[in-house]
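# Build me a model:
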Amino acid sequence: MAKESEAYSSSMPKSIPDASRSELGFPSAVRRHFGFLLDEGYEIEYEQPTRVRYSRGVEFIDVFHGRASYELGVEFGRKLTLDGEIVEQQFPLLSVLELKPTQEVTVRPLTATSAPNVNRFLGELASLSRYHALPILREVSDPFDKISERVRQAGEALRDSQLAARLRGRAEDAWKRQDYEDVVLALQQLEQEGLSSLTQSEAGKLRYALSRTQNDAGE
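So this is what the prediction gives:
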C-alpha cells in the first residue's frame, strides 16, 4: 500500500525532469484517463512530463510519475495561508480512501517504466479516484481536516512507539550493567507517560531495582 503522509510545499514544482521522460507519454495518458475531472469543475493548472495538476478553487489533484522511483500516484490537497504565505497540504490517495475504512479498496504500489504500463496503471488510479475517492470527498464534511487529524494522531502514535522502544532498550542495557537507578528511571518513564504497559518481566525488574536503590540509599 502507498504510505500515508502529509506534506507542505510551495505551489509549483521546483525542477523539470529529463526530457526523455516525455517518451513515456505520461501527460497525454493522464488527460485521457482523468478527463472526468473536467466535468467535476477542475481545470488543468499545469502539465509536465512527470506531473499534471488539476485545480478547483483552493483544492487540487496531482497525478505524478516519480522522477527517480517511476512510481505512479495521485495526491489530493488544498492551498492554505500560514503566516501570510500560501502553502500546500497534500495527502496520498490512500489517505482519502481510509476516511471510509469499510470500503474494501486496495491501493497497490504502481511502478511504470514503459508507455504501456504508464497507460495501464493510470487507468487503475483514475478508476479509484473517480469511483471511490471523489465520492468520499463529497460525502465527508471537512475531509482534509479529518485526514490531517488522522495523520497527526498516527505521527504521535509512531513517536510514542519509538520512545517506548528506546526506553525499553535503555532499561535492558541498564539491567545488564546492574545500574538499577537507571532501570527505575527508564521503566517509570515508560509507565508514567502512558507509553506502554509494563510486561510481567519488566514489572518484576522494576520492583527489584526499586528495592536495590532504596537499600543503597539507606546504607
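
# Show me what the longest strand anywhere in the chain packs onto, helices and strands only.
In the chain, with assignment by DSSP state E, the single longest strand is strand 71-82. Other helices and strands packing on strand 71-82, by 3 or more Cβ pairs under 8 Å, 6 or more residues apart in numbering; DSSP states H and E, are strand 59-65, strand 85-92, helix 93-97, strand 110-111, helix 115-128, helix 143-177. Using the backbone N, CA and C atoms, a C-beta is placed for each residue, glycine as well.

# What's the local residue count around Leu82?
Applying other Cβ atoms under 10 Å, we find 9 other residues in the vicinity of Leu82.

# just checking, Val52 touches Tyr46?
Yes. A contact is recorded between Val52 and Tyr46 when judged using Cβ atoms under 8 Å, the distance being 7.5 Å.

# Which residue of those two possesses the greater neighbour count?
The neighbour comparison of Val52 against Tyr46 (other Cβ under 10 Å) goes to Val52, with 24 against 13.

# Spatially nearest residue to that one, not counting backbone neighbours?
Spatially, and ignoring its direct neighbours in sequence, Val52 is nearest to Val30 (4.4 Å; Cβ to Cβ, 6 or more residues apart in numbering).

# Format the helices and strands packed on strand 71-82 as JSON lines; extra columns: distance to Thr213 and mean pLDDT.
Conversion of these to JSON lines gives the following (distance: least, Cβ to Cβ, whole Å; pLDDT from 0 to 100):
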{"stretch": "strand 59-65", "distance to Thr213": "56", "mean pLDDT": "97"}
{"stretch": "strand 85-92", "distance to Thr213": "48", "mean pLDDT": "90"}
{"stretch": "helix 93-97", "distance to Thr213": "47", "mean pLDDT": "93"}
{"stretch": "strand 110-111", "distance to Thr213": "55", "mean pLDDT": "94"}
{"stretch": "helix 115-128", "distance to Thr213": "57", "mean pLDDT": "96"}
{"stretch": "helix 143-177", "distance to Thr213": "11", "mean pLDDT": "88"}
